[in-house]
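K.L.:
pasting the structure only:
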């Protein structure tokens, strides 16, 4: 809040400096009139003037969207909207994760609904950024509830670009191409650091591995105690990668028809050295036609085909663990194929540890075809008063996935034989039809304006998944060098398996949901000052037989204070509006009740073998989850709309939360709607735009969101354990979701006298048989009983960020423009899971921070253990040592552009863009601090910095 006040003060100084004079009352009225006419936003099944909104709604325009060079248009929203947290990942084609005002569900989906020109979709991977006119984010329940159960996690409404009536045809070509580079790459121990760490450990096996590396690869001429190898595995496995996009569109219209046609081709190579890429081709057509003076019809069709070679996620752990005293290739091998990979087992380590054996011998191809279609008829029954609209939409998605695990050979113990190589096929078909009908009545009489809308919606949603797998065999026609042999019929029939382990070739897992909804909206405005709003949706489906229908109400109100007579003379206030809303959402993305399935078994009775069945002992009782949200806010504009300020406070309660419950009979966990969770917080968005003279314009925008998540009920259960046993996370009333749970490190023992004088250390030595030495952790005795045990565990931090922020600033001078955007988040903890793998398996590489800052003598460190201590159970218990601060700030985008305008030439624009070029983080041990809701980092795909040159031309 203090930072926001400082920013506002600076804006006021800029305003005075640039010489703006106080507006007259008449100028204020003109500004309001302009705002009411021009600023229209999309809401549920319609539009509304921004000044009339009672809900929390934000809009991002196309000029901001196209600045981000990415295959997923949603990535462009990161940092631009308060209350919206977006986690972007580096793998080509990956869809960003979006959370609007926090996590709502433990078992269900937390992603928002996307509404593209009236079409409901689960993601927008088929859209090209250049085709989008704007994003409108409906953040609170009072705005989203009218969309029904699909809108449980908020709604992102997308309007695509279209033609215009009575407009000459315009041809536009947009392109960019550039290079990607891994950023914030983790620093691992080099050969010298690794060797010192191993020698100090006192572990005979690890010391002998250093000697074995010297014997096999030679002795370093710089340091004779080291092998002549110093492999940086991240440097070896990462690469520069290209990215490019080409878009062509034609739009225009006559007095009867408006049209827009376009196509796009996007391709992106991955920065991981394997078959890793994404490309997408899409075409679209949008048309609106005035059939008569009372009937308008139109339609939108979009077809896309994408091809993605996915990365192999297990490779990231292998890269982290690979020892630096081993090269990539060992050319002493003969007969190896496709490459002579070096083998860490020959040095005495447990695993082969060469990630290239994985990178070179996995082929993960996914082909997605999407067809979306929407058509409508709009009937004007009474001009500008009574309107009927019918819309039919269709969404089809077909996925064809092929995962090849290919053979290779290095040595007898380091190979994947043909009968260990396999193919997996996964075919998914999804279809959804939605038929919407709405009747809208709008009437203005005197100072009163009323809008009444009623409608129905029918949805038919179906899904089919077919899966099969098999292993190849000696003598099979399969060849790793010939993709025409990569088919199921070349596998051994006896190895072909399905999801249910049946002997069939395929597994069919269909579902089909029907939804029928009735909804309505009433909006009343008096004298442009007082606005009330209400919606109701009755929705029924066949997913939950015990809960066929539900009602989702919402309402809101706003008071435009600036329109009151006592505000008329305050000319520097253009808009000052107070608003409040409440709404109820329902989430049916949770899994329905599981069927109790029989399992065949045999037993001996009276010396005879008998067969029978036993049944699952769980008993689920699952229905939809509910979220009720209250939102109060302020919308304001000052100084002839140069300064804007939006403030919101919300409380959002998820009720009937699906949680695991302890079994009454048996050991299997059941699920039921008996929990609850709360998210509450506030959001602030501020912006300033202005000019200096006639040639210089500038803008400053910033937003900040603060959110607190906590469990409010577990149906009487003290806690529910989550995460891995070694790295405990819990659900606990009063704590955030999946809070980390463990011991508090209180420093490192520096000498034996500290150990002797510490009662907890003496108790462990004398009563528990634990060896404790200098360089080991001191753990805090939380309950003061003189010993360290499970009762000393505390809650160590939330995996969910408690705040996030973003903003942008820029200026333009004549035909030049420059903009800079930033984004950040924090308040959370992240589990450095790969660092903690030493708990399970020693003898692997360590990150440079541990190697450099290790305790290696009195006074050398009070934070990191010694090399020997790092490998001891006393130090390896779950503690704050394994947790990293998740706080970071990133320069999101920098763009410099030049627009060439000439009467004799087409309009052209040139731009240079640096996307995500810089990141500052509190942690030195995180490749990408955006790790997901559970807060566990396994050194996922690093986020690349992208540098592009862009060009566009319009005829």
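P.N.:
Done, it's in. This structure is a prediction, so every number in the text was calculated from the model and none was measured. Numbers count the residues shown, from 1 in each chain.

K.L.:
center of this protein, which residue is that?
P.N.:
Centroid-nearest residue in the chain, with C-alpha atoms, centre = their mean: residue 97, separated by 1.8 Å.

K.L.:
Okay, now the unreliable bits of the stretch 401-550 of the chain?
P.N.:
Scanning the stretch 401-550 of the chain for pLDDT under 70 picks out 499-510.

K.L.:
What is the burial count for the residue nearest to the residue nearest to the centre of the chain when sequence neighbours are not counted?
P.N.:
Distances taken as C-beta to C-beta, 6 or more residues apart in numbering put residue 87 closest to residue 97, at 4.5 Å, once the chain neighbours are dropped. The way it works is simple: take the backbone N, C-alpha and C, and place the C-beta from them, glycine included. Neighbour count of residue 87, defined by other C-beta atoms under 10 Å: 19.

K.L.:
Of all the residues in stretch 483-491, which ones are buried?
P.N.:
Buried positions in stretch 483-491, judged by neighbour count with 16 or more other C-beta atoms under 10 Å: 486, 488, 491.

K.L.:
Give the full set of residues in contact with the residue nearest to the centre of the chain.
P.N.:
By C-beta atoms under 8 Å, 6 or more residues apart in numbering, the residues touching residue 97 are 86-87, 111, 932-933.

K.L.:
any idea how far the residue nearest to residue 97 is from residue 933?
P.N.:
9 Å (C-beta to C-beta, to the nearest Å).

K.L.:
overlap in contacts of the two?
P.N.:
Contact criterion C-beta under 8 Å, 6+ apart; residues shared by residue 87 and residue 933: 97, 99.

K.L.:
per-residue confidence for the residue nearest to the centre of the chain?
P.N.:
The confidence metric pLDDT takes the value 90 at residue 97.

K.L.:
and if you look at residue 885?
P.N.:
95.

K.L.:
cool, and residue 833?
P.N.:
87.

K.L.:
Count the residues that sit near it.
P.N.:
Residue 833 has 20 neighbours, counted by other C-beta under 10 Å.

K.L.:
can I assume it is in contact with residue 723?
P.N.:
No: counting by C-beta atoms under 8 Å, residue 833 does not reach residue 723; the two are 9.8 Å apart.

K.L.:
Give me the buried positions along the one helix or strand residue 685 maps to.
P.N.:
Using DSSP states H and E, residue 685 maps to strand 670-692. Neighbour counts using 16+ other C-beta under 10 Å place 670-688, 690 of strand 670-692 among the buried residues.

K.L.:
what does stretch 160-167 give?
P.N.:
160-163.

K.L.:
Select from the residues you listed every entry located in strands.
P.N.:
residue 160 (DSSP state E).

K.L.:
Which single one of the buried residues of stretch 160-167 is nearest to residue 871?
P.N.:
Nearest to residue 871, judged by C-beta to C-beta, of the buried residues of stretch 160-167 is residue 160 at 57.3 Å.

K.L.:
what separates the nearest residue in space to the closest one that is not next to it in sequence from residue 286, distance-wise?
P.N.:
Nearest non-adjacent residue to residue 160, counting by C-beta to C-beta, 6+ apart: residue 131, 5.1 Å away. With distances taken as C-beta to C-beta, residue 131 is found 9 Å from residue 286.

K.L.:
Mind checking which of those two has more residues around it?
P.N.:
When residue 131 and residue 286 are compared for neighbours, residue 131 comes out ahead with 25 against 22, by other C-beta under 10 Å.

K.L.:
circling back: could you save the buried residues of stretch 483-491 as TSV and add columns showing secondary structure and distance to residue 258?
P.N.:
Listed next are these as TSV, based on DSSP: H, G, I helix; E, B strand; the rest coil; distance: C-beta to C-beta, whole Å:
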residue	secondary structure	distance to residue 258
486	coil	47
488	helix	49
491	coil	54
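
K.L.:
can you give me the helices for the stretch 701-850 of the chain?
P.N.:
Counting by DSSP state H, counting those that start in this stretch, the segments of the stretch 701-850 of the chain that form helices are 752-756, 759-767, 848-853.
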